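Asker: Provided below are the primary sequence and the corresponding predicted coordinates.
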Amino acid sequence: MNEINDTVCAVSTPPAAGGISVIRISGEKAIDIAAKIFQPFGGEKVADMKGHTCVYGKVVYGGERLDDALLTVFREPKSYTGENVAEISCHGGVYLTKRVLRACIESGAKPAAAGEFTKRAFLNGKMSLTQAESVMELISASGESALRSANGVKEGRLFRQINEACQKLLSLLADLAAWNDYPDEDIPAVEQGSMETALNEVSSALEGILLTYDSGRIFRNGCDTAIVGKPNVGKSTLMNMLLGYRRSIVTDIAGTTRDVIEESAEVGGVLLRLSDTAGIHTAGDEVESVGVDLAQGKLENCELALAVFDSSQPLDGDDRQIIDSLRGKNCIIVLNKTDLGVSVDKSEFAEFPLVVEVSAKNESGMEALENAVVNALGLREFDPQNALFANERQKACAAQALKYTQAAGEALTCGETLDAVTILIDKAADCLMELTGEKVTDAVVEQVFSRFCVGK
Ligand code: GDP
């Protein structure tokens, strides 16, 4: 484990042959260490270089010229990590890069641990915890080169929304605390109605945020989708249409038996993992015997159901049974075989917001289906920039905050003491601050006094 005051170094580009490789050194002694191994051709002194400047020169170690390279210097706090940073951009080559790295280490830098530059950036207040997490996830997803591109990641709307919700809670706490702790100061009593309103606002904001997390997860990992319907309505044909539309992706699922094949199709920009038992691997007789049961079983576990009906026929008992089992599910009603004329009574589907008409055979209606998928998964308003990196920790914090906010609202309505309400709001704010990585107590104190007009 490196100490925060150690100077650390690492290759910040992927360990592969390429045009250039970047060796990054960060810490108090970064520039001194660079000065030991880097000699500018123009005779400049590395130790005197200003921040955000770059020189051309050679990397020399142990009397040996290792490479011609560029040296970029950043002076604290204006760097990625907030510390002094020196970056040597040398010719890309695994062996050469390692030699330069070794020269840095032998000149006094310690090898950086995984994610250490970003951890330092967080510890030095250069980015929030959520930002640091997004960088970390980027790195683990696609190698260290992503770190550079992630450097520019701005605080997304999601973070701002959380911050806003948090500020509202803190503001309530500040009101409550000021009123409670300084009874002589003539501070107006906290009004129950406005507190309820504020708590409701926070609750709905958090609910929205949690939905975004789900959308983010679906966006990243895809969505388990079941195609259900009684036999012969065209489930297999629909599945084939989806698979054939754009490029279908067939993946072996890692960690499962090799013969489990998942068929996925990109629909409306989302990866739908279509269950392969929807018909394509099932023999006709079997379909007859298990039809509706199978549909119901599958409905239990999916995140989205595409419920297929033959629009050229009136609904029968089996169809109605399926409709019953769709209630409360995230589903899209797919009225298939529209090329045969529509005889089904559409008012039977009035309770379902998403009904699309397609002809799987003629591959028509795909656009409507795509739109319905986007709507069903709440991706209409979803900006991948915002939630793409959201993780389970953040989601758990937001969910917990929502629970406490709702409980605070209920406590208020039930006439519980303001002390009890305060504790719940405090816990909710705590969760949100844990999400963003701030400290609740300091922030509350700050809020109290910023509105209290100290000095009086
Ligand atoms: P499943 O049992 O629900 O999987 O249904 P299939 O996909 O096997 O389709 C049953 C029959 O309906 C087949 O003969 C298909 O060619 C036909 N079919 C499927 N979709 C359409 C469609 O959109 N229009 C027409 N006219 N026939 C279709």
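Answerer: That came through, no problem. Residues are numbered from 1 along each chain as shown.
Asker: Could I get the full set of helices for the stretch 201-350 of the chain?
Answerer: For the stretch 201-350 of the chain, applying DSSP state H, counting those that start in this stretch gives helices covering 235-244, 284-301, 317-326.
Asker: weakest of the ones you listed by average pLDDT?
Answerer: Note on the helices of the stretch 201-350 of the chain: helix 284-301 shows the lowest mean pLDDT, a mean of 58.
Asker: got the buried residues for stretch 325-337?
Answerer: Residues Ser325, Leu326, Lys329, Cys331, Ile332, Ile333, Val334, Leu335, Asn336, Lys337 are the ones in stretch 325-337 that count as buried (16 or more other C-beta atoms under 10 Å). Just so you know, the C-beta spots here come from the backbone N, C-alpha and C atoms, and that holds for glycine as well.
Asker: Closest to Gln313 out of those?
Answerer: Nearest to Gln313 among the buried residues of stretch 325-337: Lys337, at 8.3 Å, using C-beta to C-beta.
Asker: Can you check the pLDDT for the closest one?
Answerer: pLDDT, Lys337: 96.
Asker: Would you mind checking which of the buried residues of stretch 325-337 is nearest to the ligand?
Answerer: Lys337 (3.8 Å; C-beta to the nearest ligand atom).
Asker: ok, and for stretch 84-95, which residues are buried?
Answerer: Those would be Asn84, Val85, Ala86, Glu87, Ile88, Ser89, Cys90, His91, Gly92, Gly93, for stretch 84-95 by 16+ other C-beta under 10 Å.
Asker: Which residues does stretch 27-38 contact?
Answerer: 5-9, 25, 45-47, 49, 57-61, 69, 71, 73, 75, 83-86, 88, 100, 103-104, 107-109 (C-beta atoms under 8 Å, 6 or more residues apart in numbering).
Asker: Show me the subset of the buried residues of stretch 325-337 that also lies near the ligand.
Answerer: Contacts with the ligand within these, as defined by C-beta under 6 Å from any ligand atom: Asn336, Lys337.
Asker: Counting only strands, which of the buried residues of stretch 325-337 make the cut?
Answerer: Cys331, Ile332, Ile333, Val334, Leu335, Asn336 (DSSP state E).
Asker: Quick one: distance of stretch 399-417 to the chain centre.
Answerer: Offset of stretch 399-417 from its chain centre (C-alpha atoms, centre = their mean, to the nearest Å): 27 Å.
Asker: what does that stretch contact?
Answerer: 165, 169, 192, 195-196, 199-200, 202-203, 206-207, 210, 420-421, 424-425, 427-429, 431-432, 435.
Asker: Mind giving me the PyMOL select for those residues, buried ones only?
Answerer: A single PyMOL command is used to select the members of the contacts of stretch 399-417 judged buried by 16+ other C-beta under 10 Å:
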select buried, resi 165+169+195+199+202+203+206+210+421+424+425+427+428+429+431+432+435
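Asker: which residues of the chain fall in strands?
Answerer: Under DSSP E, the chain gives strands at 8-11, 20-26, 38-40, 53-61, 64-74, 85-91, 110-111, 223-228, 249-252, 261-267, 270-274, 304-310, 331-336, 355-357.
Asker: rank those by mean pLDDT and give me the bottom one.
Answerer: Of all the strands of the chain, the minimum mean pLDDT falls on strand 249-252 (a mean of 38).
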